[in-house]
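Undergrad: got a predicted structure here, sequence first:
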Amino acid sequence: MISKRKASSDQDPSKRLRTGMIGAALAFRSSEGAQSPVLDVGPTSSDSLPAAGAMPSMAGKAPSLSIIAGNVQLRQTGTPADDPFLISADEFLTNPVATPAIGVGRLLGMRKECDAHRGTYYITRVPNNLDFGRMDSFLDMRNFLVGRRNSAIRVFVSGILMSTDFKNADGMPLRHVSVVVKPLTTLDSMAASRIYNDYSMPVERTTKDSFLNIQASRWQTSYGAPRESPGNAFTHVYLAQRSIQDREQYSSDSLSRGDLVVLEMRVRCRRGENRGRWVEFQLQAINVLLPGAKDVESPQPGVLDQVDW
């Protein structure tokens, strides 16, 4: 008689490989001492994907946040009908944006970014024990989350571009610019909520629902500039279809809804009374991995303003 364990091991090899890939995508906590500048990795073939059976064992251990989040994702069998842009963890591996032009390995690889020496983290790997900076000579980092050497950390998140706000109706650069992306997985929304809660004071209690879209913005004026002064054009936009190392300058005018992008951000705080603070994501750069990855309809002006009751 064949035991259940034996039957499990004889399953379709492609399913076992898929299970291992899902495990690698969900086990997003950094291993101790790991150093991996994986954002520099270009397209990766299926030969370099994680081996089957990579899902961490739960035997004798309390479930970690990453495992709990993974189980939640795995219980979703398809794209939620009410939100076609949030995808489950298993669907992440077969999502149309994960084309050979990008490579599943590259999308999974960038999620491993966790380098304390360089201060670079994927959004799901930002530690909860960092500090805001200090006044150092002429450099004031008190409003930025910093790593070693009082340098602002860099946070990366991948997603579908939903909107940009760089110029006014006359085509002139705005003083305050912003972009909005829809993360490829709810794990990123959960991570954004955790960062906001952990580093706001008093401690906030937002949920992933507050970050189904992630906004990053920045001021494009010099410190102390007159209110009527124009903004500077935001130029840190790049086409990175092969790799971050091999990216090239890209016009912000070429950005469109549905592009697959990776945002580079800083964690900045706004301070209030009684030593209160609230964090936000400051935009540093936009890396376009695949233009037009998804067909995203533009909102129809005026439709939402109409009511019928």
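TA: Arrived safely. Note that the structure is a prediction, hence the values are computed from the model and not measured.
Undergrad: any stretches of the stretch 151-300 of the chain with poor pLDDT?
TA: When residues are selected by pLDDT under 70, those of the stretch 151-300 of the chain lie in 300.
Undergrad: strands of that one, residue ranges please.
TA: 154-167, 173-183, 214-219, 237-239, 248-249, 260-271, 277-290 (DSSP state E, counting those that start in this stretch).
Undergrad: save the ones you listed as JSON lines, and put in mean neighbour count and distance to F144 too.
TA: Yep, even glycine has a C-beta here, placed from its N, CA and C like the rest. Output for the strands of the stretch 151-300 of the chain, formatted as JSON lines (neighbours: other Cβ atoms under 10 Å; distance: least, Cβ to Cβ, whole Å):
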{"stretch": "strand 154-167", "mean neighbour count": "21", "distance to F144": "11"}
{"stretch": "strand 173-183", "mean neighbour count": "20", "distance to F144": "18"}
{"stretch": "strand 214-219", "mean neighbour count": "19", "distance to F144": "12"}
{"stretch": "strand 237-239", "mean neighbour count": "19", "distance to F144": "22"}
{"stretch": "strand 248-249", "mean neighbour count": "9", "distance to F144": "26"}
{"stretch": "strand 260-271", "mean neighbour count": "20", "distance to F144": "6"}
{"stretch": "strand 277-290", "mean neighbour count": "20", "distance to F144": "8"}
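Undergrad: out of the ones you listed, flag the one nearest P202.
TA: strand 277-290 (9.3 Å; Cβ to Cβ).
Undergrad: packing partners of that closest one?
TA: Counting contacts by 3 or more Cβ pairs under 8 Å, 6 or more residues apart in numbering; DSSP states H and E, strand 277-290 packs against strand 154-167, strand 173-183, helix 186-199, strand 214-219, strand 237-239, strand 260-271.
Undergrad: now that strand and helix 186-199, what's the angle there?
TA: 150 degrees (axes from the mean of the first three to the mean of the last three Cα atoms, to 10 degrees).
Undergrad: extract the CA atoms of strand 277-290 and return them as PDB.
TA: C-alpha atoms of strand 277-290 as PDB (Å, rounded to 0.1, in the frame of the first residue of the first chain):
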ATOM      1  CA  ARG A 277       5.600  62.200  13.700                       C
ATOM      2  CA  TRP A 278       4.100  60.500  10.600                       C
ATOM      3  CA  VAL A 279       6.100  58.800   8.000                       C
ATOM      4  CA  GLU A 280       5.700  58.900   4.200                       C
ATOM      5  CA  PHE A 281       7.600  57.600   1.200                       C
ATOM      6  CA  GLN A 282       9.800  60.100  -0.600                       C
ATOM      7  CA  LEU A 283      10.300  59.400  -4.300                       C
ATOM      8  CA  GLN A 284      13.900  59.000  -5.400                       C
ATOM      9  CA  ALA A 285      13.800  57.200  -8.800                       C
ATOM     10  CA  ILE A 286      11.400  55.400 -11.100                       C
ATOM     11  CA  ASN A 287      12.800  52.300 -12.900                       C
ATOM     12  CA  VAL A 288      10.600  51.000 -15.800                       C
ATOM     13  CA  LEU A 289      10.900  47.300 -16.200                       C
ATOM     14  CA  LEU A 290       8.300  46.800 -18.800                       C
END
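Undergrad: mind listing what's buried in stretch 242-252?
TA: Across stretch 242-252, burial judged by 16 or more other Cβ atoms under 10 Å covers I244, R247, Y250, S252.
Undergrad: can I get the residues you listed in CSV including distance to G171?
TA: Output for the buried residues of stretch 242-252, formatted as CSV (distance: Cβ to Cβ, whole Å):
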residue, distance to G171
I244, 30
R247, 26
Y250, 18
S252, 12
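Undergrad: which of the residues you listed fall within helices?
TA: Nothing among the buried residues of stretch 242-252 maps onto helices, per DSSP state H.
Undergrad: per-residue confidence for L74?
TA: Here the pLDDT value assigned to L74 is 27.
Undergrad: i'd like the first residue to be 37 from this point on
TA: Let's use 37 as the start, then, which means that last one is L110.
Undergrad: so for M177, which of the helices and strands packed on strand 313-326 sits nearest?
TA: With Cβ to Cβ as the measure, strand 296-307 is the member of these nearest M177 (10.0 Å).
Undergrad: that closest one versus strand 250-255: what angle between them?
TA: Using the same axes, to 10 degrees: strand 296-307 against strand 250-255 is 60 degrees.
Undergrad: quick one, what contacts D245?
TA: S225 (Cβ atoms under 8 Å, 6 or more residues apart in numbering).
Undergrad: can you tell me how far it is from P238?
TA: As judged by Cβ to Cβ, to the nearest Å, D245 and P238 stand 20 Å apart.
Undergrad: now S187: phi and psi?
TA: Note on S187: backbone dihedrals following degrees, to the nearest 10 are phi -100, psi 140.
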